[in-house]
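*Asks:* Got a predicted model here, sequence first, then my questions.
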Amino acid sequence: MIIIGITSWTGDARFVRAEFFKLRNQDFVQAAISLGLPLRSILFRHMLPNGIAPVLVNLTFGIAGAIFIESALSFLGFGVAPPTPSWGQMLSTGVSTSGQFLWWLTLFPGLAIFFTVTAYNLLGEGLRDAIDPKLRKAV
């Protein structure tokens, strides 16, 4: 997981950079700049609340992707050492040496991966809905 985190941060950094460059050209930021607000105020009161929601969603999708990558690598035998449990290793036990598929050995690890990834995706969407200022209702 450490190697996956080390190698996948560049895409996330580019996404964050692009998101804040997009926000920099929005009308409300340009208006704040033209009013002469300090940079700290523009960053923390205008740009950060509007830019953090897509970044959190991307982060939760990245966690789900890392779980899939680790499971796939462990399934192929490139993951953690065999005494350490891994969902990918548990899935690989469902395929016998003769090539027969033993579905009852793969059911629960597969469901665990599915529900964990779904939970992270729903968490990301829920955080986006809770934090995104564009979705707040004006009362």
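*Replies:* Looks like it came in fine. Numbering: from 1, shown residues only.
*Asks:* my guess is Gly36 is in a strand, correct?
*Replies:* No - note on Gly36: no strand contains this position according to DSSP: H, G, I helix; E, B strand; the rest coil, which reports coil.
*Asks:* and it, how many residues sit next to it?
*Replies:* The local packing count at Gly36 equals 6, with neighbours defined by other Cβ atoms under 10 Å. Backbone N, C-alpha and C define where each C-beta goes, glycine included.
*Asks:* And for Thr106?
*Replies:* If you count neighbours by other Cβ under 10 Å, Thr106 ends up with 18.
*Asks:* I'd like to check which residues are in contact with it.
*Replies:* Residues in contact with Thr106 (Cβ atoms under 8 Å, 6 or more residues apart in numbering) are Met90, Leu91, Thr93, Gly94.
*Asks:* What strand or helix carries it?
*Replies:* Assigned by DSSP states H and E, Thr106 falls within helix 103-131.
*Asks:* What pLDDT is listed against Gly51?
*Replies:* We note a pLDDT of 83 for Gly51 in this prediction.
*Asks:* I'd guessed Phe75 sits against Thr93; true?
*Replies:* No - taking Cβ atoms under 8 Å as the definition, Phe75 is not a contact partner of Thr93, at 9.9 Å.
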